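Novice: next come a sequence and a model predicted from it.
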Amino acid sequence: MSIVRRISFAVAAALVALPGSALASSNPTGGATAPEEPEVVAAVCEDATAWECARGAELTLSGDSLDEVEAVRFIGRRGARDDRVARPRQAEDHAVSVVVPHDARSGRIAVVSDAGRAVTERRLRVKPGIAARATPLAIAAGEGVFPIAGRHRYGDGLGAGRGHQGQDVFAKCGTPLVALLDATVQHRAFQSSAGNYVVLQTADGASYAYMHLRSPAPVRRGDKLRAGDPVGKVGDTGRASGCHLHFEQWTAPGWYEGGKAVDPLPLLRRLDR
């Protein structure tokens, strides 16, 4: 056997001996590897109880490949009719947190991402809880809802730069935006710095501005909205560095109508449940 054939045989034998994960990670073609399916191995409530949580409380699921989870489904007992879906509050590789919906029932839990769907082997026992801390779009009247219906992180706040009169909240492009309170559409337009924007005004005269929307808001001036109604999607139009919502809060009589900008971060933090 020639020396070239002996070397080739040795390399092939070494590759066969490698575990499958090592072969996959070598990726000799340079192409992207497929994302791994999510896996959940544990569920712990905010009171440190395992596999048992009250409605409205925060539940943390632990496992692997959870950073891309887009939805958590609480599977009830009567088919899909009593299933409830919630968006994660936060998602990392080994943990994802979510608020238990106010009408969820005991049963298994499924997490869903682009890579696949995983269902827990154990059932979660759901107990009566705090209705006011329900899922974002199932709120009590007057409670308010966080304006971004999806994963997000906070950026610059009021006074961070010249003319910065609100709070930046970063989220993936296309993430839905919703009315935070019952309100009337005060303005809907495009401006070179704000991009596509919409301003909502509540009955007390206060205003709330949403800026850098991906496309014009699907509402018109004068429209009456309920908390949770769609007002657009996160984008980067206007003068924006990356997709985010620039959110402003103004006192009565409103946005550029005699009111003044106040720091919206306390309000956002209160609604960010």
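Specialist: That came in fine, so what should we check first? Numbers count the residues shown, from 1 in each chain.

Novice: all the strands of the stretch 1-150 of the chain, residue numbers only.
Specialist: Assigned by DSSP state E, counting those that start in this stretch, the stretch 1-150 of the chain shows strands spanning 39-45, 52-54, 58-64, 71-74, 84-86, 90-92, 95-99, 109-113, 116-119, 125-127.

Novice: now those as a markdown table including mean pLDDT and distance to residue 226?
Specialist: For every residue, glycine as well, the C-beta is placed using N, CA and C. What follows is the strands of the stretch 1-150 of the chain, written out as a markdown table (pLDDT from 0 to 100; distance: least, Cβ to Cβ, whole Å):
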| stretch | mean pLDDT | distance to residue 226 |
| --- | --- | --- |
| strand 39-45 | 93 | 31 |
| strand 52-54 | 94 | 27 |
| strand 58-64 | 92 | 25 |
| strand 71-74 | 90 | 23 |
| strand 84-86 | 85 | 20 |
| strand 90-92 | 81 | 27 |
| strand 95-99 | 87 | 20 |
| strand 109-113 | 91 | 27 |
| strand 116-119 | 91 | 32 |
| strand 125-127 | 94 | 27 |
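
Novice: could I get the ones you listed as CSV with mean neighbour count and distance to residue 178?
Specialist: Shown next, in CSV, are the strands of the stretch 1-150 of the chain (neighbours: other Cβ atoms under 10 Å; distance: least, Cβ to Cβ, whole Å):
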stretch, mean neighbour count, distance to residue 178
strand 39-45, 18, 27
strand 52-54, 21, 25
strand 58-64, 19, 20
strand 71-74, 22, 16
strand 84-86, 19, 15
strand 90-92, 16, 19
strand 95-99, 22, 16
strand 109-113, 21, 21
strand 116-119, 15, 26
strand 125-127, 17, 25
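
Novice: between those, which one is closest to residue 242.
Specialist: Minimum separation from residue 242 across the strands of the stretch 1-150 of the chain (Cβ to Cβ) falls at strand 90-92, 18.7 Å.

Novice: so what does that closest one touch, helix or strand wise?
Specialist: In this structure, strand 90-92 makes packing contacts with strand 95-99, judged by 3 or more Cβ pairs under 8 Å, 6 or more residues apart in numbering; DSSP states H and E.

Novice: longest strand of the protein?
Specialist: As assigned by DSSP state E, the longest strand anywhere in the chain is strand 183-191.

Novice: surely residue 113 meets residue 69?
Specialist: Yes - contact criterion Cβ atoms under 8 Å: residue 113 and residue 69 qualify, at 4.9 Å.

Novice: how many neighbours does the residue lying closest to residue 114 once chain neighbours are set aside have?
Specialist: Spatial nearest neighbour of residue 114, excluding adjacent residues (Cβ to Cβ, 6 or more residues apart in numbering): residue 68 at 6.1 Å. Residue 68 has 18 neighbours, counted by other Cβ atoms under 10 Å.

Novice: let me know the pLDDT of residue 68.
Specialist: Looking at residue 68, its pLDDT is 87.

Novice: what's the answer for residue 4, then?
Specialist: Looking at residue 4, its pLDDT is 40.

Novice: for residue 107, see how far away the residue lying closest to residue 209 once chain neighbours are set aside is.
Specialist: Nearest residue to residue 209, sequence neighbours excluded (Cβ to Cβ, 6+ apart): residue 248, at 4.0 Å. As judged by Cβ to Cβ, to the nearest Å, residue 248 and residue 107 stand 42 Å apart.

Novice: on that earlier part again, for residue 214, which of the strands of the stretch 1-150 of the chain is the nearest?
Specialist: Nearest to residue 214 among these is strand 71-74 (20.8 Å), distances taken as Cβ to Cβ.

Novice: ok, which of the strands of the stretch 1-150 of the chain comes nearest residue 146?
Specialist: Of all the strands of the stretch 1-150 of the chain, strand 95-99 sits nearest to residue 146, with 10.9 Å by Cβ to Cβ.

Novice: which residue ranges make up the domains of this protein?
Specialist: Domain assignment for the chain by automatic domain parsing gives 39-133, 153-271.
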